[in-house]
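Q: Quick one, what's the 3D model for this:
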Amino acid sequence: MYVRFIARLPLNLLGIVFGCLIVMQLNGCQSNADYHPEERVATYTLHGDNTRLQKMITRQRIEHGQEGDQNGLYLLQEGLSAFMARIAMIDNADVSLDLQYYIFSNDISGKLILGKLLNAADRGVRVRVLVDDLGAPIQDPWFAVMDQHPNIEIRVFNPVVARSGLPRTFQQAFHFGRINHRMHNKLMVADGVAIVTGGRNIGDPYFSNDETFFQDVDIFCFGPVVSQATNSFDTYWNHEASVPLNVILKAKKGGTLTDLRKMGAEYLYTVRDSEFTKALEHSQLGQDIVSGEITFEWGQASLYADPPDKATKRDEVDPQQFLGAKLKTVLNQAREQLLISSAYFIPGENGLAFLSDLEKRGVKVSVLTNALSTTDVAVVHSGYSQYRKPLLEAGIQLWELRLQAGEERRIQWFKGRSRASLHAKSFVIDDDKVIIGSVNLDGRSLIQNTEIGVYIHSNKINQQLADTYKEWTRPNFAWRLSLNEDDDLQWQAQDKQGNLITEYKDPESSGWQRFKVWLLSWLPIEQQI
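A: Take a look at the predicted model:
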């Protein structure tokens, strides 16, 4: 996608110079003299003592005999389930909803969630939505109409004021030092008592409703970890880089909330016969979450999140506060196995040494990432490809997702062609710990962007995620990389009849794709991708 491509490449020098030449003409778009972040009134998560979600949590604890120090945990591995969990949270919230996302698409999934948020606000729920300006460049003035609702406020993280066209491009170029740092977090909080976080943004590809079929995971949680999540959200929300939408986008002239509700109803009518909408109508997960029919697992959990200052004044922040430092400490505790799913994987020399040391200590290290045919950002593959051979030489298992991954499951949604792509960012540590979040093992996640993740101690969740990893690395899901007798790379998998397939160049890719990756590999931009 364009967003993920442009987020990973520095703008070229010519663009920056050109931006500087015209900055005086764009000065009116660069800032708003009426905006003074220090004058805003800080707001914080609202909690409800007797909400429907709180009653569900109380029932769960009583029925399972769990004390308050334990977290209820439910792994969301399938896209439709992940969507329904979010819908259930919105439909059953009584006090507050807080959403923080890198991408919030204006597609079926995005519009359905926005419609549900509007309904929640109409019944008195306070709604706060924080989106990243590059991942979700809000241009539609109807968002500004929605922002006028007394119970809704939308903020944009680290924005430029121009919403589209050349002015936006030039502003991004001129402010590249600031714009290069993005908020990659994904978090939803309901009534201050339940959260969903993980790898998924808001958009059709993440919820099994697009011809690009993302393999991803989220976690639904309630318990002590939620207070850590609300503290993180509130810190971002009240940060000076989170700019109210009305500062940068004006409402549609003549548009009203009544018009918006009517437009939403008409949209729901137009998509009523889609496969996705029909599947939603028959899904029981949302009802089962609230009724307590689903089986929650239990365990300790801690939420790790980069401070928002990482995006605005990184050099002033203690590096030990960064998620990457905490991640390294946790992974270094592995004793038996470490299973890594990372959509974008560029370990760098330090990461290569770290994983190699784990392998030397007897830890079985296995990594699943995208193949050239399944990645959506070629420049990332160019950075990763340079480390494949050293990783294999260190004894690390390496897998790349196949285009046909999960074909049996995908065919129920798309009768024609569709392509798989790995989007998960998860870690299975030994037999009792996992990390699920937004952080890839690459320079952009660890150095440039802000990220979020949940560190969980639970044998059951560990086993579920390990089983998912095992499924994702089956021969019909992924290519296993190895070195042949000539010390060259080879890819091996199985065809539909179970016969071994061996390839000696990036499978299912064209000569042009491979040439482009080779060319990009010469660029000195590893920390940017």
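Q: does Ala88 belong to a helix or a strand, and which?
A: In this structure, Ala88 sits in helix 79-92 according to DSSP states H and E.
Q: what does that helix rub up against?
A: 51-53, 56, 74, 76, 97, 109, 112-113, 116-117, 120, 188, 190, 194, 196, 198, 200, 206-209, 213-214, 216, 218, 220, 276, 279-280, 283, 285-287, 289-290 (CB atoms under 8 Å, 6 or more residues apart in numbering). All C-beta atoms are positioned from the backbone trio N, CA, C, and that covers glycine.
Q: ok, 7 Å please
A: The contact list for helix 79-92, computed with CB atoms under 7 Å, 6 or more residues apart in numbering, reads 52-53, 76, 97, 109, 113, 116-117, 120, 188, 190, 194, 196, 200, 206-208, 218, 220, 279-280, 283, 285-286, 289-290.
Q: Quick check: helices, which of these are part of them?
A: Members of the contacts of helix 79-92 lying in helices (criterion: DSSP state H): 52-53, 109, 113, 116-117, 120, 279-280, 285-286, 289-290.
Q: Of these - the most surrounded one?
A: In terms of neighbours by other CB atoms under 10 Å, those top out with Ser109 at 27 neighbours.
Q: I figured it was touching Pro205, is that so?
A: No: using CB atoms under 7 Å, Ser109 is not in contact with Pro205, being 8.9 Å away.
Q: Check which residues of stretch 334-352 are buried.
A: 334, 337-348, 351-352 (16 or more other CB atoms under 10 Å).
Q: now do stretch 449-459
A: For stretch 449-459, a neighbour-count test (16+ other CB under 10 Å) marks Asn449, Thr450, Glu451, Ile452, Gly453, Val454, Tyr455, Ile456, Ser458 as buried.
Q: quick one: pLDDT of the first one?
A: Here the pLDDT value assigned to Asn449 is 94.
Q: How about the contacts made by it?
A: Residues near Asn449 by CB under 7 Å, 6+ apart: His181, Arg182, His184.
Q: and if we set it to 8 Å?
A: Asn449 touches His181, Arg182, Met183, His184, Asp306, Ala311, counting by CB under 8 Å, 6+ apart.
Q: Which of these ranks first by neighbour count?
A: Neighbour count (other CB under 10 Å) singles out Met183 as the most crowded of those, with 31 neighbours.
Q: Show the contacting residues for it.
A: Gln100, Tyr102, Leu130, Asp132, Gly135, Phe157, Asn158, Tyr236, Pro308, Ala311, Asn449, Thr450.
Q: Distance of it relative to Pro307?
A: Using CB to CB, to the nearest Å, Met183 is found at 11 Å from Pro307.
Q: Show me the common contact partners of these two, please.
A: Common neighbours of Met183 and Pro307 (CB under 8 Å, 6+ apart) are Thr450.
Q: still on that earlier bit, mind checking which of the buried residues of stretch 334-352 are in helices?
A: Using DSSP H, the buried residues of stretch 334-352 in helices are Gly348, Gly351, Leu352.
Q: Need the residues that contact stretch 320-335.
A: Outside of stretch 320-335, the residues within contact range by CB under 8 Å, 6+ apart are 304-307, 310, 319, 338, 354, 358, 362-363, 427, 429-430, 433, 435, 437, 439, 445-447, 451-453, 455.
Q: Now do the same contact list for the residue nearest the centre of the chain.
A: The chain has Gly199 as the residue nearest its centroid, 3.5 Å off, counting by CA atoms, centre = their mean. Counting by CB under 8 Å, 6+ apart, Gly199 touches 186, 206, 216-218, 343, 423-426, 436-438.
Q: Spatially nearest residue to it (excluding sequence neighbours)?
A: Nearest non-adjacent residue to Gly199, counting by CB to CB, 6 or more residues apart in numbering: Asp216, 4.5 Å away.
Q: residue contacts, the one you found?
A: Listed by CB under 8 Å, 6+ apart, the contact set of Asp216 reads Gly79, Ala82, Gly198, Gly199, Arg200, Tyr206, His423, Ala424.
Q: Nearest residue to the third one in space, please, no chain neighbours.
A: Setting aside the residues directly before and after it, Gly198 is nearest to Asp218 in space (CB to CB, 6+ apart), at 3.1 Å.
Q: since we're on the one you found, how many residues are nearby?
A: Counted with other CB under 10 Å, Asp218 comes out at 29.
Q: going forward, begin numbering at 59 instead of 1
A: Yes, from this point I'll number from 59; that puts the last item at Asp276.
Q: Let me know whether it touches Ile253 as I believe.
A: No: the pair Asp276 / Ile253 is not scored as a contact, 9.9 Å apart, by CB atoms under 8 Å.
Q: Show me which positions of stretch 526-539 end up buried.
A: Within stretch 526-539, the residues scored as buried using 16+ other CB under 10 Å are Thr526, Tyr527, Trp530, Thr531, Pro533, Asn534, Phe535, Ala536, Trp537, Leu539.
Q: Could I get the full set of helices for the stretch 409-558 of the chain?
A: Counting by DSSP state H, counting those that start in this stretch, the segments of the stretch 409-558 of the chain that form helices are 436-443, 446-451, 465-468, 501, 517-530.
Q: which one of the ones you listed has the most crowded surroundings?
A: Across these, averaging neighbours per residue (mean count of other CB atoms under 10 Å) puts helix 436-443 on top, at a mean of 24.
Q: name the helices or strands packed onto that helix?
A: For helix 436-443, the helices and strands in contact under the criterion 3 or more CB pairs under 8 Å, 6 or more residues apart in numbering; DSSP states H and E are helix 569-578.
Q: Mind listing residues that contact the helix it packs on?
A: Here helix 569-578 makes contact (CB under 8 Å, 6+ apart) with Leu430, Ser431, Ala436, Val437, His439, Ser440, Ser443, Lys563, Asp564.
Q: coming back round to it: narrow the contacts of Met241 to those in helices?
A: For the contacts of Met241, the ones inside helices are Tyr294, Ala369, with DSSP H as the criterion.
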